[in-house]
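K.L.:
Here you go, sequence then predicted model.
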Protein chains: 2
Amino acid sequence: MYSIGQVAEMFGLPISTLRYYDKQGLFPKMERVSGIRKFSETEIEALRVIECLKKSGLEIKDIKQFMDWCVEGASTYPQRKALFEKQRERLEEELIHMNKVLDMLKFKCWYYEQAMRDGCEDQVQSMIPDGLPGDVQRAYENAHHD
Amino acid sequence: MYSIGQVAEMFGLPISTLRYYDKQGLFPKMERVSGIRKFSETEIEALRVIECLKKSGLEIKDIKQFMDWCVEGASTYPQRKALFEKQRERLEEELIHMNKVLDMLKFKCWYYEQAMRDGCEDQVQSMIPDGLPGDVQRAYENAHHD
DNA sequence: GTAGCACCTAAACCTGACTTCAGGTCAAGA
DNA sequence: TCTTGACCTGAAGTCAGGTTTAGGTGCTAC
């Protein structure tokens, strides 16, 4: 059993955030001893799931919905599974997009490296879009397609 | 040259967002013909960069800083390059983190599939953390490490 | 016995990124 | 002529996700 301060430390989160999550109903089964929150292994794993679902693009109120399903019991396995499947698909698409963004950043790094060497952007501009070195060209195209 | 409506269409953005970006100074060289915005190739590429920098975690005010550097000319190549390098590093770390999140989602998908088959979580719980099938174990560990 | 620390609450406040509103210009078509 | 559509403005409103404030409890060390 951990205190709120220990959990904040463990997860690198402000205490106020944990209290806010609690108020939003994200730890429905959390115990209290004379008013003081006691985080058990259940809440620790809940917090890992919260961070995961947040990163995958879910809002707090939808995470609360998930926590409610957990309290409801075995009858909500299908909803919970469907939720994770949906977020998994979302995130897989997001990762593809992120890789395009990364290629754009890589391209821009190369671009300004050239510009610094030449003192101006003229040469490098003249190589766009078909006269770029192999992997730069690849990054440029991936970043600019779709 | 494109109208604001055409650009909104091209990028799938509301017109209000483009006007907001403009007001924040994200299109410092945009021309106007009797008050009406004219988006040239410059602004189109700017918008691609805006979306890229936003996705990489930058705030509007920092993107404006970048646009100001662009106006300032060749003397700011080092700052601009440093910015892209920093965002590139950030995003690479972010992608590693996202892959952990994805592994958590994959693990939870598998978890609820088992729970649905068994009708309860007991069996599957008893396999954690060392009795999981190969790739599920791998996902679980990646998701729960660090 | 009082100072300091970790905890508690409700309620107000903040921030970033937009969005909506109320009102106005201008050109083209019926 | 008139009305429709695409554009314009400044200012106010919205929303999520916290954070801060003001005031209070209860234990332990000095």
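P.N.:
Cool, the structure landed.

K.L.:
Domain-wise, how is chain A divided?
P.N.:
A:1-72, A:91-146 (automatic domain parsing).

K.L.:
would JSON lines of the ones you listed with mean neighbour count be doable?
P.N.:
(C-beta placed from N, C-alpha, C; glycine too.) Listed next are the domains of chain A as JSON lines, based on neighbours: other CB atoms under 10 Å in any protein chain shown:
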{"stretch": "domain A:1-72", "mean neighbour count": "15"}
{"stretch": "domain A:91-146", "mean neighbour count": "16"}
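
K.L.:
Indicate which one of these is closest to DNA strand C.
P.N.:
For DNA strand C, the closest of these is domain A:1-72, at 2.5 Å, according to CB to the nearest atom of the strand.

K.L.:
does any part of the closest one sit near chain B?
P.N.:
Yes: contact of domain A:1-72 with chain B (CB under 8 Å from any CB of the partner chain) involves A:48-49, A:51-52, A:55-56.

K.L.:
Tell me the spacing between the residue nearest to A:Arg88 when sequence neighbours are not counted and A:Gln125.
P.N.:
Spatial nearest neighbour of A:Arg88, excluding adjacent residues (CB to CB, 6 or more residues apart in numbering or on different chains): B:Leu105 at 4.2 Å. Separation of B:Leu105 from A:Gln125 (CB to CB, to the nearest Å): 42 Å.

K.L.:
hang on, the earlier thing: format the residues of domain A:1-72 next to chain B as a markdown table; extra columns: secondary structure.
P.N.:
Output for these, formatted as a markdown table (DSSP: H, G, I helix; E, B strand; the rest coil):
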| residue | secondary structure |
| --- | --- |
| A:Arg48 | helix |
| A:Val49 | helix |
| A:Glu51 | helix |
| A:Cys52 | helix |
| A:Lys55 | helix |
| A:Ser56 | coil |
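
K.L.:
circling back: tell me which of the domains of chain A sits nearest to B:Ile96.
P.N.:
domain A:91-146 (11.2 Å; CB to CB).

K.L.:
about what we covered before: is it possible to get a markdown table of the domains of chain A that adds mean pLDDT and distance to B:Tyr77?
P.N.:
Formatted as a markdown table, these follow (pLDDT from 0 to 100; distance: least, CB to CB, whole Å):
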| stretch | mean pLDDT | distance to B:Tyr77 |
| --- | --- | --- |
| domain A:1-72 | 98 | 34 |
| domain A:91-146 | 96 | 5 |
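
K.L.:
show me what contacts the most centrally placed residue in chain A?
P.N.:
Nearest residue to the geometric centre of chain A (CA atoms, centre = their mean): A:Lys55, 2.4 Å. Residues in contact with A:Lys55 (CB atoms under 8 Å, 6 or more residues apart in numbering or on different chains) are A:91, B:97-98, B:101.

K.L.:
and chain A, which of its residues are near DNA strand C?
P.N.:
A:3-6, A:15, A:19, A:23, A:32, A:35-37 (CB under 7 Å from any atom of the strand).
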